[in-house]
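Trainee: For reference, the sequence and a predicted model appear below.
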Amino acid sequence: MKPSVKTGLYTGLLSGLWVLSCFTIVSWFNSSLHLEIPAWRIRAYSGLFSIIILVVGIYLGIREAKHQNGSQITYGGAIKTGVIVSIITGVLVAFFSFLYCTTINPGYAAYMEKEAEKAMIAAHDSPEKIRQQLDKVKQDFSTSSQVLMALVGQIVIGTISSLIIGMFVRNKKQS
């Protein structure tokens, strides 16, 4: 199996399992220990860690491809490997996001909407502003938005990361 495919599968599975477990576990600790961490912050930090998983996966995939090619890899080869890892990871994370929003926590969007409403009320926002923002929150946390954001986000961030990592991992031309 090509290093990019193998690494993409491992990275996607790890990141997908993170998506399935992190928000639920951290939210449970948050409510059990009365930590009062806003749900949006938990979601943001879990998303950031998912990006770290992706970047590490891309690096490992490029490094493995270089190793399998006799310690040689071009910039284009590094980018290709990283983009393949990103696409596979994006598809798997999107699948896990769909699974989370439809099966594991079908009330996720409603919960996030309720949490956003509590935060806006605490910030003394006007009822009109709250209503407008809640419409946006409802759309942002719908299953389709979560799946699309996972897919596009992983691929875009992965491609940018591949462009950067490839510059450092590629073989420099000998003079």
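Mentor: Noted; the coordinates are in hand.
Trainee: which residues does the closest residue to Tyr111 other than its chain neighbours contact?
Mentor: Nearest non-adjacent residue to Tyr111, counting by C-beta to C-beta, 6 or more residues apart in numbering: Ala39, 7.0 Å away. Every C-beta, even on glycine, is put in place using the N, C-alpha and C of the backbone. Contacts for Ala39 (C-beta atoms under 8 Å, 6 or more residues apart in numbering) come out as Ser27, Tyr111, Met112, Glu115, Ala116.
Trainee: among these, which ones are buried?
Mentor: Ser27, Met112, Glu115, Ala116 (16 or more other C-beta atoms under 10 Å).
Trainee: ok, the second one touching Val137?
Mentor: Yep, that's Met112 we're talking about. Yes. Look at Met112 against Val137 with C-beta atoms under 8 Å: they come within range, at 6.4 Å.
Trainee: pLDDT below threshold where in the protein?
Mentor: Low-confidence segments of the chain (pLDDT under 70): 173-175.
Trainee: what secondary structure does the spatially most central residue of it sit in?
Mentor: Central residue of the chain (C-alpha atoms, centre = their mean): Ser50, 4.3 Å from the mean position. Classification of Ser50 using DSSP: H, G, I helix; E, B strand; the rest coil returns helix.
Trainee: which non-adjacent residue is nearest it?
Mentor: Ser15 (5.1 Å).
Trainee: For that neighbour, which residues are in contact?
Mentor: Ser50, Ile53, Leu54, Gly57, Thr89, Leu92, Val93, Phe96, Gln154.
Trainee: hmm, 7 Å instead?
Mentor: By C-beta atoms under 7 Å, 6 or more residues apart in numbering, the residues touching Ser15 are Ser50, Ile53, Leu54, Thr89, Val93.
Trainee: So for the one helix or strand it maps to, what gets flagged as buried?
Mentor: Assessed by DSSP states H and E, Ser15 sits inside helix 3-32. The neighbour-count check on helix 3-32 (16+ other C-beta under 10 Å) flags 3-4, 7-12, 14-16, 18-20, 22-24, 26-27, 30 as buried.
Trainee: circling back: just flag the most distant two among the contacts of Ala39.
Mentor: Ser27 and Ala116 (14.4 Å; C-beta to C-beta).
Trainee: Between helix 3-32 and whichever strand or helix holds Lys114, find me the angle.
Mentor: Element membership for Lys114 (DSSP H and E) is helix 108-122. Interaxial angle, helix 108-122 versus helix 3-32 (axes from the mean of the first three to the mean of the last three C-alpha atoms, to 10 degrees): 50 degrees.
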